[in-house]
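# Pasting a predicted model and its sequence here:
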Amino acid sequence: MWHVIVIGSGIGGLAAAAALAKRGRRVLLLEQHTVAGGQTQVFRRHEWVFATGVHYVSGVGPQDGPESQFRRLLDWLGDGTLQFAPCANPYDVVRLPDFEFGISHPEAAYRAALHERFPSETASIDRWFHACHEARKAGTTLMASHQLPAWIGWGFRILRGRQADAWSGRTLADLLADIAHPQLRAVLGARWADYGAPPAIAPFIEHAWVTGAYDGGAYFPVGGPARFAETLLPTVRSAGGECRLGADVRRILVEEGRAVGVEVLRAGSVTVERAEHVISDIGVANTLSCLDGSVAGEWRQKASALEPGPGFVALYLGLEGDIVGAGATSANHWIYESNDIGQLWRQPADEDAPGLFVSFPSLKDPAWQGPPTAEALAVVDRAAFAPWLDKQHSADDYPAFKAWVAQRLLGQFERHFPTLAPMVRFHEAATPLTQQRFVRAVDGSMYGVEMSVERLVSDALRLRTPVPGLLLAGQDVAGPGVQAAFMSGLMSAATLEPSLWRQLSG
Ligand SMILES: Cc1cc2nc3c(=O)[nH]c(=O)nc-3n(C[C@H](O)[C@H](O)[C@H](O)COP(=O)(O)OP(=O)(O)OC[C@H]3O[C@@H](n4cnc5c(N)ncnc54)[C@H](O)[C@@H]3O)c2cc1C
């Protein structure tokens, strides 16, 4: 009998498990994959090591206050050895045809640079940043009223409920429509792949939140993203907890209406583990698929109205030589083939991606030991991979399709970085099928449930589920991003162990 079972070792599950361990709880963390960390895991090919779901994080700077809250909590929960290195500043570079703009932190510097570059647009730039500020406050109210203890959420709603309602229905496209200058519009909207919904769908609140998060700087974990799991798991073990890999949770057991444990398939055997509480970090759809159909019908109905978000194709590139000398930096590149930044990649084998995200993780990590790497990523319409995701097509034709897509992406990378092209020694693509296989992403989606205005206010995505004893954590609850998923894990733990709320607010 465990105090708590956590399903899924993504950063949300790790945070929940470590926080509960800090309060002396024995936690069993179950992970279906052979590697812990979910999307913070890394993998090796030959001498190159690749990060999967982390290019930069916020909240870990040296300053006091909310801009370093993530780092303080990691220090407290982990073994104290996790450090972060600053990325280049400008940290995000937007590249349009014949135009480039570097986005710097703090936000005031970004705003000043926009004023300088678009002097005729200062009024609309100021209106934009004012809107971002207001939308973030509205986002905080929504988050508080959905996820924090009822009395806190109630206070927020009394004070700012009307403002939250006014902002929650507005998309990024609604706000971009007020920007007349096409290049300014593209720069302001460019970074939607950070949460995976194109402007027509994305809530403006989410855009304001995610882009504003880097006000205090953009950072990369020293030693790579695998350090999250490496530094948090010792805390879980120190309280008598365990992390079992290759442990596939097939069912969440519900007795007399309450979650009491799980059924796990591991090394060919099915076993039952029982606990006082279960926290699920595997996304809402996966969680529901582990519950009998008769359980929580209304929740199931509400959740099924939410679509998975788009998928992505990533090209992992192993390079050789002096890539800094050839122009690479530790900034992220947001490259668009036109000023229309709102398109998904619909025909990945037959056309270039309309937008490409390129990053050089080996330059972000001062502890990097191997040869240099690059990652090129494009957000793709899942429909392009649906025949294989739905298993209608024979798997035999998948490798050829994947190879075509990889060649497209490689060609596009080489066109945009001609001086790096001769240094490429290795490439391998990941597709929505990869995401489905290794982290069980539903339909291979990039960030779980689609980040839409409906999702933002959905009752199906709460920390407390309608099944007593069962809580959620992870990106479906808190929104995409390492910091957000981490905070959701902590809040889930605090819901069980209220003394943790104080730690969170300190
Ligand atoms: C390509 C890409 C780039 C990204 N870049 C950034 C970035 O630069 N900065 C940033 O902040 N965020 C980034 N993100 C987002 C961030 O990585 C995720 O939002 C976050 O890591 C999600 O954490 P999680 O805890 O919700 O779950 P996940 O990391 O998805 O983990 C869920 C875990 O549950 C396991 N699981 C599923 N089903 C079962 C089961 N039945 N039994 C047992 N285990 C199960 C899975 O194997 C997985 O390990 C990126 C994501 C992607 C895909």
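Arrived safely, thanks for sending.
# quick one: buried residues of the lowest-mean-pLDDT helix or strand in the chain?
Least confident helix or strand, the chain: helix 150-168 with a mean of 77, by mean pLDDT, DSSP states H and E. Buried residues in helix 150-168, counted by 16 or more other Cβ atoms under 10 Å: G153, F156, R157, R160, G161, A164, W167, S168. No exception for glycine: its C-beta is placed from N, CA and C like everyone else's.
# Just confirm L265 is within a strand.
Yes - looking at L265 with DSSP: H, G, I helix; E, B strand; the rest coil, it is inside a strand.
# is it true that it touches G246?
No - between L265 and G246 there is no contact under Cβ atoms under 8 Å: 9.1 Å.
# tell me how far stretch 387-397 is from the chain's mean position?
Once both centres are worked out by Cα atoms, centre = their mean, to the nearest Å, stretch 387-397 turns out to sit 27 Å from its chain's centre.
# er, stretch 107-125 I mean
The answer for stretch 107-125 is 29 Å, by Cα atoms, centre = their mean.
# Report the inter-axis angle for the lengthiest helix in the chain versus helix 150-168.
Scanning the chain for the longest helix, with DSSP state H as the assignment, gives helix 122-147. With axes from the mean of the first three to the mean of the last three Cα atoms, to 10 degrees defining the directions, helix 122-147 sits at 150 degrees from helix 150-168.
# Dump the host helix or strand of L74 to CSV, restricted to CA.
L74 is part of helix 69-77 when elements are defined by DSSP states H and E. The C-alpha atoms that make up helix 69-77 are tabulated as CSV, following Å, rounded to 0.1, in the frame of the first residue of the first chain:
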residue,chain,number,x,y,z
GLN,A,69,10.1,30.7,-8.7
PHE,A,70,10.7,27.6,-10.8
ARG,A,71,14.4,27.5,-9.9
ARG,A,72,13.7,28.0,-6.2
LEU,A,73,11.2,25.1,-6.2
LEU,A,74,13.5,22.9,-8.2
ASP,A,75,16.3,23.6,-5.6
TRP,A,76,14.0,22.7,-2.8
LEU,A,77,12.6,19.6,-4.4
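# and after the helix or strand hosting L377, which helix or strand comes next?
In the assignment (DSSP H and E), L377 maps to strand 373-380. As assigned by DSSP H and E, the chain's next helix or strand after strand 373-380 is helix 386-389.
# other SSEs contacting that next one?
Packing partners of helix 386-389 (3 or more Cβ pairs under 8 Å, 6 or more residues apart in numbering; DSSP states H and E): helix 432-439.
# For the ligand, tell me whether the helix it packs on is touching it.
Yes - judged by Cβ under 6 Å from any ligand atom, helix 432-439 comes into contact with the ligand at V439.
# do the next helix or strand after that helix and the ligand meet?
Of the helices and strands lying after helix 432-439 in sequence (DSSP H and E), the nearest is helix 453-456. No - Helix 453-456 lies out of reach of the ligand by Cβ under 6 Å from any ligand atom, never closer than 13.9 Å.
# what's the average pLDDT for helix 453-456?
Mean pLDDT, helix 453-456: 92.
# With stretch 276-291 instead?
Across stretch 276-291, pLDDT averages out at 98.
# Same check on stretch 38-55?
Averaging pLDDT along stretch 38-55 gives 97.
# gap between that stretch and the chain center?
With Cα atoms, centre = their mean, you get 15 Å for stretch 38-55.
# Indicate the residue of the stretch 401-506 of the chain located nearest to the ligand.
Relative to the ligand, the nearest point of the stretch 401-506 of the chain is G474 (2.8 Å; Cβ to the nearest ligand atom).
# Might you report the residue contacts of that residue?
Taking Cβ atoms under 8 Å, 6 or more residues apart in numbering as the criterion, G474 is in contact with G8, G10, G12, G13, S280, D281, I282, G283, G448, A485, S488, G489.
# residues contacting the fifth one?
For S280, the contacting residues are V6, I7, G8, I252, N286, T287, C290, L470, L471, L472, A473, G474, taking Cβ under 8 Å, 6+ apart as the criterion.
# which residues does the fourth one bridge with?
According to DSSP bridges, V262 are recorded as the beta-bridge partners of I252.
# Let me see the contact set for it.
Contact analysis of I252 by Cβ under 8 Å, 6+ apart lists I7, A259, G261, V262, V278, S280, T287, C290, L291, V467, L470.
# Report the entries of these that also contact the ligand.
Subset of these in contact with the ligand: I7, counting by Cβ under 6 Å from any ligand atom.
# give the contact list for K22.
K22 touches W76, L77, T235, A239, L500, counting by Cβ under 8 Å, 6+ apart.
# How much space separates it from E230?
To E230, K22 is 17 Å away according to Cβ to Cβ, to the nearest Å.
# Y195 now?
Y195 sits 27 Å away from E230, going by Cβ to Cβ.
# Between those two, which is the more surrounded one?
Y195 (24 against 19; other Cβ atoms under 10 Å).
# how's the chain carved up into domains?
If you go by automatic domain parsing, the domain ranges for the chain are 2-85+222-305+453-505, 90-216, 310-444.
# just for the stretch 201-350 of the chain, where's the confidence low?
Along the stretch 201-350 of the chain, no part satisfies pLDDT under 70.
# for the ligand, what are the nearby residues on it?
Near the ligand, when you scan the stretch 201-350 of the chain using Cβ under 6 Å from any ligand atom, you find D248, V249, D281, I282, N286, F312, A314.
# Which of those residues fall within strands?
The strands, defined by DSSP state E, take in D248, V249, F312, A314 from these.
# neighbour-wise, which of the residues you listed leads?
Neighbour max across those (other Cβ under 10 Å) = F312, 26 neighbours.
# Hmm, that residue is touching R382, no?
No - checked against Cβ under 8 Å, the pair F312 and R382 is beyond contact range at 9.6 Å.
# overlap in contacts of those two?
Both F312 and R382 are in contact with P432, where contact means Cβ under 8 Å, 6+ apart.
# And the furthest pair within the residues of the stretch 201-350 of the chain next to the ligand?
V249 and A314 (26.6 Å; Cβ to Cβ).
# What parts of the stretch 401-506 of the chain come near the ligand?
V439, R440, M446, Y447, G474, Q475, P480, G481, V482, Q483, A485.
# Dump these into CSV; add pLDDT as well.
Output for these, formatted as CSV (pLDDT from 0 to 100):
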residue, pLDDT
V439, 97
R440, 97
M446, 95
Y447, 96
G474, 98
Q475, 97
P480, 96
G481, 97
V482, 98
Q483, 97
A485, 98
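# can you pick the most crowded of the residues you listed?
Busiest of these [other Cβ under 10 Å] is G474, holding 32 neighbours.
# measure it to R26 for me?
21 Å.
# With G297 instead?
33 Å.
# Looking at those two, which one has more neighbours?
Just comparing G297 and R26: by other Cβ under 10 Å the higher neighbour count belongs to R26, 16 against 10.
# right, and that one touches A239 too?
Yes - counting by Cβ under 8 Å, R26 does reach A239; the two are 6.2 Å apart.
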